[in-house]
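>>> here is a sequence together with a model predicted from it:
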Amino acid sequence: MTDAKTEVRAAGADTDARQWEYTTYAPAGEMCPGCGQPIQSLEVCRRGMLARRDTPPLIAYWHFACATQKRP
């Protein structure tokens with residue numbers, strides 16, 4: 001039997017905030033922070049978070065091709 005602390009450490013890679021959350025479709029009007037271009041309706045994209053100084057992270061969407069490049 002394992003305790004909660006052991007399970008959290010074992011899942012560390014799965015909970016790393018620098019990784020992508022999931023593949024999805026962006027809401028209308030979203031811009032890709034990777035290339036600065038709009039994400040089209042029904043275009044598959046990746047959802048992630050952008051860190052901001054002194055405020056909570058911002059949800060952002062990247063084109064699938066832009067998501068393979070190094071994130072900020």
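Yep, that arrived. Residues are numbered from 1 along each chain as shown.
>>> tell me which residues in the host helix or strand of R47 are buried?
R47 is part of strand 44-52 when elements are defined by DSSP states H and E. Judged by neighbour count (16 or more other C-beta atoms under 10 Å), strand 44-52 contains these buried residues: 45-49. For glycine as for every other residue, the C-beta is placed from the backbone atoms N, C-alpha and C.
>>> which one among those gets closest to T23?
Using C-beta to C-beta, R46 comes nearest to T23 of the buried residues of strand 44-52, at 5.8 Å.
>>> and the closest one, what does it touch?
20-24, 61-62, 64, 67 (C-beta atoms under 8 Å, 6 or more residues apart in numbering).
>>> what about 6 Å?
Under the criterion of C-beta atoms under 6 Å, 6 or more residues apart in numbering, the neighbours of R46 are 20, 23, 62, 67.
>>> buried ones among these?
62, 67.
>>> any stretches of this structure with poor pLDDT?
The model of the chain has pLDDT under 70 over residues 1-19, 70-72.
>>> hang on, the earlier thing: mind putting the buried residues of strand 44-52 into CSV with distance to A28?
Converted to CSV, these look like this (distance: C-beta to C-beta, whole Å):
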residue, distance to A28
C45, 12
R46, 17
R47, 15
G48, 19
M49, 20
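>>> where does the nearest residue to C35 once chain neighbours are set aside fall, secondary structure wise?
Spatially, and ignoring its direct neighbours in sequence, C35 is nearest to C66 (5.2 Å; C-beta to C-beta, 6 or more residues apart in numbering). Assessed by DSSP H and E, C66 sits inside helix 64-67.
>>> which outside residues touch that helix?
Under C-beta under 6 Å, 6+ apart, the answer for helix 64-67 is 32, 34-35, 44, 46.
>>> I'm done for today, thanks for sticking with me.
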